[in-house]
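A.B. asks: Return atomic coordinates for the entry below.
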Amino acid sequence: MISIHEAWRRLGKDANLIMTEVSKLPRAERSSALEKLASEAKRLARPLLAKHHPDIGGNASEFRNIQDSVTAITNHTNKFKEELSEINRRSLEINSRRPVTINISK
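C.D. replies: Residues are numbered from 1 along each chain as shown. Now for the predicted structure:
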């Protein structure tokens, strides 16, 4: 499995810039932003896959590398979404156990 940084590099993007932009977003928007990025990765990969497809004389190794890059980015997105769901679930659980206090002032 390749790193997310290597995957984006293979597709011609800088993972540090991408992750910095995503980290600036509110937590609720990060999941959808990563889904859009995964779609962008697939879009960026299409012409590269066509160029390197072994059936038309392309480099099979490079073709596999590009496929692995898209898979790595997709897996990273799915893992992030699962972790974010778990964080949100725990947050709700903790908040539901907090006592409610009401201040009544005259």
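A.B. asks: low-confidence ranges in this protein?
C.D. replies: Residues of the chain that meet the criterion pLDDT under 70 lie in 106.
A.B. asks: Pick out the residue nearest the middle of it.
C.D. replies: For the chain, the residue nearest the mean C-alpha position is T77 (3.0 Å; CA atoms, centre = their mean).
A.B. asks: So it versus K42, what's the distance?
C.D. replies: Distance of T77 to K42, computed by CB to CB, to the nearest Å: 11 Å. Where C-beta positions appear, they are placed from N, C-alpha and C, glycine not excepted.
A.B. asks: So the residue nearest to the centre of the chain is in contact with S32, correct?
C.D. replies: No. Between T77 and S32 there is no contact under CB atoms under 8 Å: 10.4 Å.
A.B. asks: ok, and the closest non-adjacent residue to N59?
C.D. replies: Nearest residue to N59 in three dimensions, chain neighbours excluded: H52, at 5.0 Å (CB to CB, 6 or more residues apart in numbering).
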